[in-house]
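Enquirer: Fold the following for me, if possible:
(chains A and B)
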2 protein chains.
Amino acid sequence: MIYFDNAATTYPKPESVYNEMDKFYREYGVNAGRGSYQVANEASRLIDETREKVASVLNVKQNKEIVFTESATIAINLILKGLDWNKGDVVYYSPFEHNAVLRSLYYLKDKYNLKLRQIPVEEDSLEFKLDKLKQMFIKETPRLVAVSHVSNVCGLIAPVEQIAKLAREYNSSVLVDGAQGAGLVDVNLEHVDYYVWTGHKTFYGPFGIAGIIMDENAEEPATLIHGGTGRASERKNMPQQIPVKYEAGSSNIQAIAGLNTALEWLQEKDIETIFKHEKELTQELIAMLNEFMEIDIFIPDNLENHFNVVSVSVSGYSPHNIGKILDEKFNIAVRTGLHCAPETHEFLGTMPNGLVRFSIGYFNDKNNINNLKDALNDFLI
Amino acid sequence: MIYFDNAATTYPKPESVYNEMDKFYREYGVNAGRGSYQVANEASRLIDETREKVASVLNVKQNKEIVFTESATIAINLILKGLDWNKGDVVYYSPFEHNAVLRSLYYLKDKYNLKLRQIPVEEDSLEFKLDKLKQMFIKETPRLVAVSHVSNVCGLIAPVEQIAKLAREYNSSVLVDGAQGAGLVDVNLEHVDYYVWTGHKTFYGPFGIAGIIMDENAEEPATLIHGGTGRASERKNMPQQIPVKYEAGSSNIQAIAGLNTALEWLQEKDIETIFKHEKELTQELIAMLNEFMEIDIFIPDNLENHFNVVSVSVSGYSPHNIGKILDEKFNIAVRTGLHCAPETHEFLGTMPNGLVRFSIGYFNDKNNINNLKDALNDFLI
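Expert: Presented below is the predicted three-dimensional model:
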């Protein structure tokens, strides 16, 4: 299989991730707990160490908390549903949000009569219109601004730092969905209240572990999931310390061991090197796709703001059919349709069928691009 | 390590679980999705097959839905917080509930002014008083009855079938927390609306996969976690079909592969054989502990209603100290304290320090019991 679906989950994982995850789970696969027995203490130690590695890879400073959740979706739900909403609060969100954000916001809109406002973006260039956004903030003060760090459809890197800084001027909370870029795409989290990441994408770890980088001064969302915390068990309510307040239930020590190893791999291999490799391959992919008259590419004009995801339409074919041909005839894996980001496709004018998405990972190489080119040549010309 | 903490998570797992989980994740570790590419289809097929195996191991009939969640804690939150509560609704729950149930109920009590009533249990014998429960139901009609299938502190098997049948007579919903017994302890789910199970305990699978056996006629809880569902992405709300309504986010295909193999192992090894092995070892453990004058055992009088968890107090020692000695001097792993079940300890009169818990798994043997005996002999006499 030639795998161009890294935006859904990076595949394969580094060899060390598979190995260490298996090894750790065999040797220390117990329910973590400080002050229990040695192996449980070791599992706890690994959890603490992994938090530190997440902070290190994301260049997080002292004033942030590292919360673990089972998935980025759960992390986003925790934040959005845990805020102390008032009726009529105004939420700004980018056109590039995933359904984890969108469906949560629509649920909250019904419940609290929220006013949802799309952040303005220039349709052709995909430039964020920050001046216009400021005008909108003046007119309707933001309660929350939610931005996808990297679009899972068009690879657009949002100007997170500028948006967050602007939002802070209006005392707004800021949520950045970093699922598609965390670890690889540099980001300054100074003004970001909640940065959501996941283990199984650009961190090159496994499913089952994700979380939030939460600013110490951020509004503390209410607990979403109540349950056992392994300490202060006599309390009828959840302990209020972060992160324990958000981490009810058994820790998935296998997934955390996998993430730990993945973060080590990222740092040993060097994040910049990985980023550069993916960036260069993406450029080759774009250049190759540009050779085909039938193909329209949906990426920002300024490729400085673009990373590793390239979605296209092919005239004469539905996205689904392109996916089917590439899969069945050439064993090339892509993801077609709406990519759980319907408003992105509304914005791009590609509803209801969506696009064909190619997404690059570290384990792709030039041969993969050439193979894709041969495949396209085979049936397009 | 001699491992007596199987009630926290069974350890080790069957060799095939480690092997197949690693193998499947290496070969098919993508984001599942029907109608995508072959490997993603294969991941989807595994998910469907695993649902069927869960149903098969639990002897589930046609009229039940198999919902996957990331943990039993999330499953319990989904159900309890998703019900359409009215102010003043009456909830009955057993004295043996875990904090996933208790803390959720206390949260809901504050929100909806729920009346929480403990199901009466005879203090010495640990017999459920069903006649008295019926009187209580007549006086205050139950809206929900929540029962732990097997107590994680005293191994008491609740009379689930009788309680559920009685509750149904009063049109109450019935939630059974099967985290401690699912797969091994036989249960008739006919009158149970929601049976919660987890992969990493008596199913002998990994962390990261759990779920609900939901009756087709049960009240459908509202969605707790909103997000992407890989289909019907254009909808602003979650698709309303079960299970997709409750399964937002990427499927943890590695954990599901582990569970799949574990369920296969259970069936091949024969569930009755495993149950019998654990039951017999537990009896030996009890007999051995009974030899010590200093030790008080907290189990039901009728050992027909008991499974694989034995908690004790030791006169002259705090539970914590017993755990510490067993760990540090003898490398024996037990779990001490409150076991995230504070009301069980209130009921047993063992607050605030709790008990020392020994919990048996399939991979324990007679030697383990003898080693524990030697250790206890070493410092108790």
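Enquirer: Please count neighbours and contacts with C-alpha atoms only from this point.
Expert: OK.
Enquirer: how about stretch A:314-334 against chain B, any contact?
Expert: Yes: with C-alpha under 8 Å from any C-alpha of the partner chain as the criterion, chain B is reached by stretch A:314-334 at A:G323, A:K324, A:D327, A:E328, A:I332, A:A333, A:V334.
Enquirer: biggest separation within those residues, which pair?
Expert: Distance extremes for the residues of stretch A:314-334 next to chain B: the farthest pair is A:E328 and A:V334 at 11.5 Å, using C-alpha to C-alpha.
Enquirer: Which one's more surrounded, the two?
Expert: A:V334 (25 against 13; other C-alpha atoms under 10 Å in any protein chain shown).
Enquirer: Surely that one is in contact with A:A8?
Expert: No: A:V334 lies out of contact with A:A8 (C-alpha atoms under 8 Å); the separation is 9.6 Å.
Enquirer: List the buried residues in the one helix or strand A:D374 maps to.
Expert: For A:D374, the host element (DSSP states H and E) is helix A:366-380. For helix A:366-380, the neighbour count (16 or more other C-alpha atoms under 10 Å in any protein chain shown) marks A:N368, A:I369, A:L372, A:K373, A:A375, A:L376 as buried.
Enquirer: tell me which of the residues you listed is nearest to B:Y18?
Expert: Closest to B:Y18, out of all of the buried residues of helix A:366-380 and judged by C-alpha to C-alpha, is A:N368, at 31.6 Å.
Enquirer: how close does the residue nearest to that closest one when sequence neighbours are not counted sit to chain B?
Expert: In space, A:N368 comes closest to A:I2 once its chain neighbours are excluded; the distance is 6.3 Å by C-alpha to C-alpha, 6 or more residues apart in numbering or on different chains. A:I2 is 11 Å from chain B, where distance means C-alpha to the nearest C-alpha, to the nearest Å.
Enquirer: Does A:I2 touch A:A333 like I think?
Expert: Yes: counting by C-alpha under 8 Å, A:I2 does reach A:A333; the two are 6.1 Å apart.
Enquirer: residue ranges of the strands in the stretch 151-300 of chain A, please?
Expert: For the stretch 151-300 of chain A, the strands defined by DSSP state E, counting those that start in this stretch occupy A:173-177, A:194-198, A:210-215, A:295-298.
Enquirer: What residues does the stretch 151-300 of chain A have near chain B?
Expert: So far as C-alpha under 8 Å from any C-alpha goes, the stretch 151-300 of chain A lies against chain B at A:207-208, A:225-231, A:233-234, A:236-238, A:248-254.
Enquirer: and with 6 Å instead?
Expert: Contact residues, the stretch 151-300 of chain A versus chain B (C-alpha under 6 Å from any C-alpha of the partner chain): A:F207, A:H226, A:G227, A:G228, A:S233, A:E234, A:K236, A:N237, A:G249, A:N252.
Enquirer: before we move on, the earlier item: now do the phi/psi pair for the residue nearest to A:N368.
Expert: phi -100, psi 120 (degrees, to the nearest 10).
Enquirer: for A:M351, what are its contacts?
Expert: Going by C-alpha atoms under 6 Å, 6 or more residues apart in numbering or on different chains, A:M351 touches A:H345.
Enquirer: For A:P221, the count of nearby residues, please.
Expert: 15.
Enquirer: these two touch, right, it and A:L83?
Expert: Yes: counting by C-alpha atoms under 6 Å, A:L83 is a contact partner of A:P221 at 4.9 Å.
Enquirer: Excluding chain neighbours, what is closest to A:Y93?
Expert: Using C-alpha to C-alpha, 6+ apart and skipping the chain neighbours, the partner closest in space to A:Y93 is A:A146 (4.6 Å).
Enquirer: got a list of what the one you found touches?
Expert: Contacts of A:A146 by C-alpha under 6 Å, 6+ apart are A:Y93, A:L175, A:V176.
Enquirer: got the angle for whichever strand or helix holds it vs strand A:194-198?
Expert: Assigned by DSSP H and E, A:A146 belongs to strand A:144-148. Orientation of strand A:144-148 against strand A:194-198 (axes from the mean of the first three to the mean of the last three C-alpha atoms, to 10 degrees) gives an angle of 30 degrees.
Enquirer: Sheet partners, orientation included, of strand A:144-148?
Expert: In the sheet, strand A:144-148 lines up against strand A:90-93 (parallel), strand A:173-177 (parallel) (DSSP bridges).
Enquirer: Of all residues in the stretch 101-250 of chain A, which one is closest to chain B?
Expert: Closest to chain B within the stretch 101-250 of chain A is A:G227: 3.5 Å, counting by C-alpha to the nearest C-alpha.
Enquirer: just checking, that residue touches B:N99?
Expert: Yes: assessed by C-alpha under 6 Å, A:G227 is found in contact with B:N99 at 4.8 Å.
Enquirer: Enumerate the residues of the stretch 1-150 of chain A near chain B.
Expert: A:A8, A:T9, A:N31, A:Y37, A:T73, A:N99, A:A100, A:R103, A:S104.
Enquirer: Show me which pair in those is furthest apart.
Expert: Within the residues of the stretch 1-150 of chain A next to chain B, A:Y37 and A:R103 form the most distant pair, 42.7 Å apart (C-alpha to C-alpha).
Enquirer: which residues of the stretch 151-300 of chain A fall in helices?
Expert: Remark: helices assigned in the stretch 151-300 of chain A by DSSP state H, counting those that start in this stretch are A:160-169, A:253-269, A:271-290.
Enquirer: in the shortest one, what counts as buried?
Expert: Spelled out, that is helix A:160-169. For helix A:160-169, by 16+ other C-alpha under 10 Å, it's A:V160, A:I163, A:A164, A:K165, A:L166, A:A167, A:R168.
Enquirer: quick one: the third one and A:D193 touch, right?
Expert: Same thing as A:A164. No: A:A164 sits out of contact with A:D193 when judged by C-alpha under 6 Å, with a separation of 8.7 Å.
Enquirer: so what pLDDT did A:R34 get?
Expert: Looking at A:R34, its pLDDT is 82.
Enquirer: Identify the residues contacting it.
Expert: A:N41.
Enquirer: just A:C154 next, same as before
Expert: So A:C154 contacts A:F298, A:I299, A:V309, A:V310, A:S311 (C-alpha under 6 Å, 6+ apart).
Enquirer: Tell me which two in the residues you listed are the farthest apart.
Expert: The largest separation in these, counting by C-alpha to C-alpha, is between A:F298 and A:V309 at 9.6 Å.
Enquirer: Who has more neighbours out of these two?
Expert: Using other C-alpha under 10 Å as the criterion, A:F298 and A:V309 rank with A:V309 on top: 29 against 22.
Enquirer: So what sits opposite that one in the bridge?
Expert: With DSSP bridges as the rule, A:V309 is bridged to A:S359.
Enquirer: Provide the contact partners of stretch A:169-181 at residue level.
Expert: A:142-150, A:192-198, A:202.
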